[in-house]
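Peer 1: 3D, please:
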Amino acid sequence: MMLVMVVLYIIFRNQIIPQTRHALEDKATAIARTIALIPLVSEGLNEGRSKEIQAYTSKITRRNDIMFVVVIDMHSIRYSHPDPSRIGKPFVGGGQKAALHGEESISEGEGLLGKSLRAFVPVYNNRGSQVGVVVVGLSMERIHLLIRQNEWTIIVILLSGAVLGAAGAMVLARKIKQMMFGMEPSDISKLLQERSAMLQSTREGIIAVDHAARISMINREAERLLGTAGITGNGMTRHIADYWPELRLEQVLSSGESRQDQELELNGVTLLVSSVPIQVNGRIAGAIATFRDKTELAVLAERLSGISVYADALRAGAHEYMNKLHVIMGMTHMGLYDELQQYISGTVSNYQNEIGSITRSIKDPVMAGFLLGKLSRAREAGIELLLTEDSYLPESADPQVIHQLITIVGNLLDNAMEVLEGQRLKEIGLSFQYERGRLICTVRDNGPGIPETLREQIFVQGFSTKGEQRGMGLYLVRKSVEKLQGQLQIIPGPEPGTTFMADVPYAVKGEETNDH
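Peer 2: This is a model prediction of the structure:
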């Protein structure tokens, strides 16, 4: 701040002080020119009359607040002077030579009245002949006083500007700090770096636009996903309608409404997109879109679904056999060995019957183990789960198909078990029918059934009649059937309950045939 003031002072001083001196020189020259044009002066010089000239110049001197006005003839003899006794005597101080030759001049000199700034202007008669010179003098002491006053004026102006500038800067800084939530510049820089690192490291593609729908931010994941879909090049500052027209962010800006989990097909790549407007002080200042490859999300959902299914099956089996172990332990403590032998024989027989029934019909070991777990869970819930006698599922040539089938069957069975809660009679029928490269899986329950008006909505993600945070099971069933390029139907029947039928292509491993 001090350095700025010093620099400004030097600049102003070098500009204003010379201007002050030039203004005073112009003043003296203008007065001298005016006097030189007065006929009284030229005629007085021509005729050798000094009395009228002295009277006139005395008035000029008083009225214009100048040091002196001296009129001399071509021999440098004074015709006027502040001291009348000096009239008729030669001019002292020098500097008149140029003016006696018809040229105006400015000079500093020291005469009888002290140091002065003098303006010399030649005087001509009405015939154009030079008859003398007018000398107007300004006191150098007064000139220096005016210069010092101007210097102080500069200092006062600079100090006032500094005070006002400091006050304004404080008010502005406080206002800016309020707008920046009280953060210092270093905090803002750190926050910007953290924000940039966070946006660049996230696994979701992010595109932000300003109020004019021009791209203001795009992260690396967004560039990767769009590059995979064939959109390349630098998108910064480009209009979003030119860069990615299918996104339609300009509609989000105009309507102010969010769009969640929209599927966009982009050159064979399906993206799941959410768009929201950005509001600042109640006004829409931009919009932001986040998106991911739907295929990646589907794989993740399948993994979670498969793990959940396997975990439920293991938990049900562990719970059932823990109960049996408790029975065996109790009978051992009571010494009921004959009854214990009968209980174990019956348990083993039932288990072998179940295993035998499943292994005879279900040739795929993964599906067979899964169904054994589901049977245990159904018994635990008091539900009779029956696999039809004519069911047959050969081993699949593609393990991924079995994973999709487990998702389909698992979610259908879970949905049926939930529907039967609270009923006295609980029955679920399961059937697998394979023929000529097609597999038909049927799950039937004796629950209250599904109203006709809801048969389309139940497959929508998030829709559920059981409360919030539900509605994923049947959605995953439909997605898995679609991935297998099959068909999913709800079969109406005369009896209460619901029957789901999934018809999907099924490739058999090896040369296995339907010889059961």
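
Peer 1: Number of residues surrounding I458?
Peer 2: Residues within reach of I458, counting by other Cβ atoms under 10 Å, total 20. All C-beta atoms are positioned from the backbone trio N, CA, C, and that covers glycine.

Peer 1: Can you list phi and psi of P451 for me?
Peer 2: phi -60, psi 150 (degrees, to the nearest 10).

Peer 1: how close does I278 sit to L37?
Peer 2: From I278 across to L37, the span is 77 Å (Cβ to Cβ, to the nearest Å).

Peer 1: Which of these two has more residues huddled nearby?
Peer 2: More crowded of I278 and L37, by other Cβ under 10 Å: I278, with 16 against 13.

Peer 1: Test my guess that the more buried one contacts S258.
Peer 2: No. Using Cβ atoms under 8 Å, I278 is not in contact with S258; the gap is 10.9 Å.

Peer 1: The closest residue to I106 other than its chain neighbours: which element?
Peer 2: For I106, ignoring the flanking residues on the chain, the nearest one in space by Cβ to Cβ, 6 or more residues apart in numbering is E25 at 5.2 Å. E25 is part of helix 2-36, with elements assigned from DSSP states H and E.

Peer 1: K115 now?
Peer 2: strand 114-124.

Peer 1: Helix or strand next in line after that strand, which one?
Peer 2: strand 130-139.

Peer 1: who does that following strand touch, helix- and strand-wise?
Peer 2: For strand 130-139, the packing partners by 3 or more Cβ pairs under 8 Å, 6 or more residues apart in numbering; DSSP states H and E come out as helix 2-36, helix 39-47, strand 68-73, helix 97-100, strand 114-124.

Peer 1: got those as JSON lines, with mean neighbour count, distance to E263 and mean pLDDT columns?
Peer 2: Below are the helices and strands packed on strand 130-139 laid out as JSON lines (neighbours: other Cβ atoms under 10 Å; distance: least, Cβ to Cβ, whole Å; pLDDT from 0 to 100):
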{"stretch": "helix 2-36", "mean neighbour count": "15", "distance to E263": "60", "mean pLDDT": "77"}
{"stretch": "helix 39-47", "mean neighbour count": "18", "distance to E263": "103", "mean pLDDT": "87"}
{"stretch": "strand 68-73", "mean neighbour count": "24", "distance to E263": "99", "mean pLDDT": "89"}
{"stretch": "helix 97-100", "mean neighbour count": "17", "distance to E263": "96", "mean pLDDT": "88"}
{"stretch": "strand 114-124", "mean neighbour count": "22", "distance to E263": "90", "mean pLDDT": "88"}
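
Peer 1: CSV please, covering these and showing distance to I428.
Peer 2: Shown next, in CSV, are the helices and strands packed on strand 130-139 (distance: least, Cβ to Cβ, whole Å):
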stretch, distance to I428
helix 2-36, 87
helix 39-47, 133
strand 68-73, 128
helix 97-100, 127
strand 114-124, 119
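
Peer 1: mind checking which of those is nearest G168?
Peer 2: G168 lies closest to helix 2-36 among the helices and strands packed on strand 130-139, at 14.4 Å (Cβ to Cβ).

Peer 1: Find the least confident helix or strand in this structure, judged by mean pLDDT.
Peer 2: Every helix and strand of the chain was ranked by mean pLDDT, DSSP states H and E. The lowest is helix 294-334, at a mean of 65.

Peer 1: Could you double-check that L247 lies in contact with S274?
Peer 2: No. Look at L247 against S274 with Cβ under 8 Å: they stay out of range, at 11.2 Å.

Peer 1: what's the overlap in contacts for those two?
Peer 2: A289 (Cβ atoms under 8 Å, 6 or more residues apart in numbering).

Peer 1: still on that earlier bit, which among the helices and strands packed on strand 130-139 is found nearest to I490?
Peer 2: Using Cβ to Cβ, the helices and strands packed on strand 130-139 put helix 2-36 closest to I490, at 81.8 Å.

Peer 1: Domains of the chain: list them as residue ranges, please.
Peer 2: Domain ranges of the chain: 2-146, 200-288, 336-505, per automatic domain parsing.

Peer 1: Using CSV, please lay out those together with distance to G161.
Peer 2: Output for the domains of the chain, formatted as CSV (distance: least, Cβ to Cβ, whole Å):
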stretch, distance to G161
domain 2-146, 8
domain 200-288, 33
domain 336-505, 64
